[in-house]
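Next one to model:
(one chain, ligands or ions: 1)
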Amino acid sequence: MRILVTGGAGFLGSHLCERLLADGHSVICVDNLLTGRLENFRTFATDPRFSFELHDICHPFNFGPVDFIYDFASPASPEDYIKWGVETLEVGSLGTRNCLELAREYKAGFFLASTSECYGDPDVHPQTESYWGHVNPIGKRSVYDEAKRFSEALTMAYHHYRGVDTRIVRIFNTYGPRLQLNDGRVISNFMKQALLGDDLTIYGDGMQTRSFCYVSDEIEGIVRLAASSEHLPTNIGNPHEFTVIDCAKLVLEVTGSASKLVFKPLPQDDPKQRCPDISKAKALLGWEPIVDLRTGLGMTLPYFRESLATDSRGSSPSQ
Ligand code: UDP
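From the prediction side, this is the model:
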């Protein structure tokens, strides 16, 4: 197939491009490099079946016929989407609409990368797909949460009213190589701090929970969902839940660091708990994650070491 990936220069998008190439497809990556990086293409940039278009999908585009579109373009770490609030709302609305129009024109399949943030600060635990969420529509995180909720609504509307063949994945916290050193996410911060011997910054009391999925598991679930015929949202994430403190301790163990923990204020609307119910993905796709957090952190460690070395030489590329 000829497949278009928006946001293909980002963390998840680039892993997806690499997987699709390995599966024998041609891949066109479209990205405006707001938070993505060209160096994420390093391992496959020269593949003749891969091409890159520098473009902001909020403006209509057409790079020729495609069979399938993965819409992965959006700032996705809390620090990034709070910094780029309007851009985040635009890419989740105008950007997704332009992708859906393109899918309609070429009768291509359409796949939306949505998020566990649709559940907000959930009062149902673990989160099933049928839960409607508990989202502050005007809080700091609203620019991302409401953008993704709108893009889900738009995707379902194009499915119902305009006959586009659509899929929606709700992605939970994912980590692995190509996470940006300075994206402010918990795994990036802790790995960097541990390797530098700095204090690990725990926000709030550190008893809030997250459930971390290694990137290869996440991509496997995504590709299987794309191959299914399920139109309704499907959770893809790792159901093994950790407190932030436990995550910090595991990072110290894996890095062998003697860093200390230091407590900082909790950001606004930071979800107290997050854990996917993946019964649907298990039954529908025969999928479940296989990499546990300790193993995945170990596999991510060489990447963070290298990123820090590059960073300290002052040659880290800007976004
Ligand atoms: N967090 C933390 N220290 C950090 C970065 C994040 O304690 O240096 C916490 C954050 O408050 C949240 C969790 O770790 O409760 C996950 O944060 P992240 O930014 O990775 O993503 P989120 O799951 O909130 O979207």
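
In space, what's closest to the residue of the chain most remote from its centre - neighbours in sequence excluded?
Relative to the C-alpha centroid of the chain, counting by C-alpha atoms, centre = their mean, A258 is the outermost residue, at 30.1 Å. Nearest residue to A258, sequence neighbours excluded (C-beta to C-beta, 6 or more residues apart in numbering): G197, at 7.1 Å. Every residue, glycine included, has its C-beta placed from N, CA and C.

What about the one you found, how many residues nearby?
11 (other C-beta atoms under 10 Å).

Would you enumerate the residues in contact with V244?
186, 202-204, 206-210 (C-beta atoms under 8 Å, 6 or more residues apart in numbering).

Just the ones of these in helices?
Among the contacts of V244, DSSP state H puts V186 in helices.

Buried ones from the contacts of V244, can you make that a ChimeraX selection?
With 16 or more other C-beta atoms under 10 Å as the criterion, this ChimeraX line picks the buried residues out of the contacts of V244:
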select :186,202,206,208,209,210
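
out of the contacts of V244, who's near the ligand?
Among these, the residues within reach of the ligand (C-beta under 6 Å from any ligand atom) are 186, 202-203, 208, 210.

so which two of those residues are the farthest from each other?
Pairwise distances across the ones next to the ligand among the contacts of V244 peak at 12.6 Å for I202 and R210 (criterion: C-beta to C-beta).

Within the helices and strands, which one has N189?
Using DSSP states H and E, N189 maps to helix 186-196.

typo on my end, I219
Assigned by DSSP H and E, I219 belongs to helix 215-227.

Quick check: buried residues in that helix?
For helix 215-227, burial by neighbour count (16+ other C-beta under 10 Å) applies to 215-226.

that older thread, how much space is there between the residue nearest to A258 and L301?
Using C-beta to C-beta, to the nearest Å, G197 is found at 15 Å from L301.

which non-adjacent residue is nearest V124?
With C-beta to C-beta, 6+ apart, the residue lying closest to V124 is Y131, at 4.5 Å.

And for the residue of the stretch 1-150 of the chain found nearest the ligand, the neighbour number?
Nearest residue of the stretch 1-150 of the chain to the ligand, counting by C-beta to the nearest ligand atom: P78, 4.5 Å away. P78 has 20 neighbours, counted by other C-beta under 10 Å.

hang on, it packs against V143?
No. With contact defined as C-beta atoms under 8 Å, P78 does not reach V143; the gap is 10.2 Å.

circling back: please, which helix or strand holds the residue farthest from the centre of the chain?
Going by DSSP H and E, A258 is not in any helix or strand.

returning to that earlier point: looking at the ones next to the ligand among the contacts of V244, which are in strands?
Counted as lying in strands by DSSP state E, out of these, are 202-203, 210.

In a markdown table: those, plus pLDDT.
Shown next, in a markdown table, are these (pLDDT from 0 to 100):
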| residue | pLDDT |
| --- | --- |
| I202 | 98 |
| Y203 | 98 |
| R210 | 98 |
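
Return the closest of those residues with respect to the ligand.
Out of these, the member with the shortest distance to the ligand (by C-beta to the nearest ligand atom) is Y203, at 3.5 Å.

I'd say the closest one and V262 touch.
No. With contact defined as C-beta under 8 Å, Y203 does not reach V262; the gap is 10.4 Å.

still on that earlier bit, what's the helix holding I219 packed up against?
Packed against helix 215-227, as judged by 3 or more C-beta pairs under 8 Å, 6 or more residues apart in numbering; DSSP states H and E, are the following elements: helix 11-22, strand 68-71, strand 109-115, strand 166-171, strand 174-175, strand 234-236, helix 279-285.

Including mean neighbour count, mean pLDDT and distance to the ligand, could the ones you listed go into a markdown table?
Listed next are the helices and strands packed on helix 215-227 as a markdown table, based on neighbours: other C-beta atoms under 10 Å; pLDDT from 0 to 100; distance: least, C-beta to the nearest ligand atom, whole Å:
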| stretch | mean neighbour count | mean pLDDT | distance to the ligand |
| --- | --- | --- | --- |
| helix 11-22 | 23 | 98 | 12 |
| strand 68-71 | 26 | 99 | 19 |
| strand 109-115 | 24 | 98 | 8 |
| strand 166-171 | 24 | 98 | 11 |
| strand 174-175 | 24 | 98 | 8 |
| strand 234-236 | 26 | 98 | 15 |
| helix 279-285 | 16 | 98 | 19 |
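
can you list these in CSV and add distance to Q268?
Putting the helices and strands packed on helix 215-227 into CSV (distance: least, C-beta to C-beta, whole Å) gives the following:
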stretch, distance to Q268
helix 11-22, 24
strand 68-71, 28
strand 109-115, 18
strand 166-171, 22
strand 174-175, 23
strand 234-236, 25
helix 279-285, 31
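
Near the ligand, which residues of the stretch 101-250 of the chain are found?
The stretch 101-250 of the chain comes close to the ligand at residues 173, 184-186, 189, 201-203, 208, 210, 244, as judged by C-beta under 6 Å from any ligand atom.
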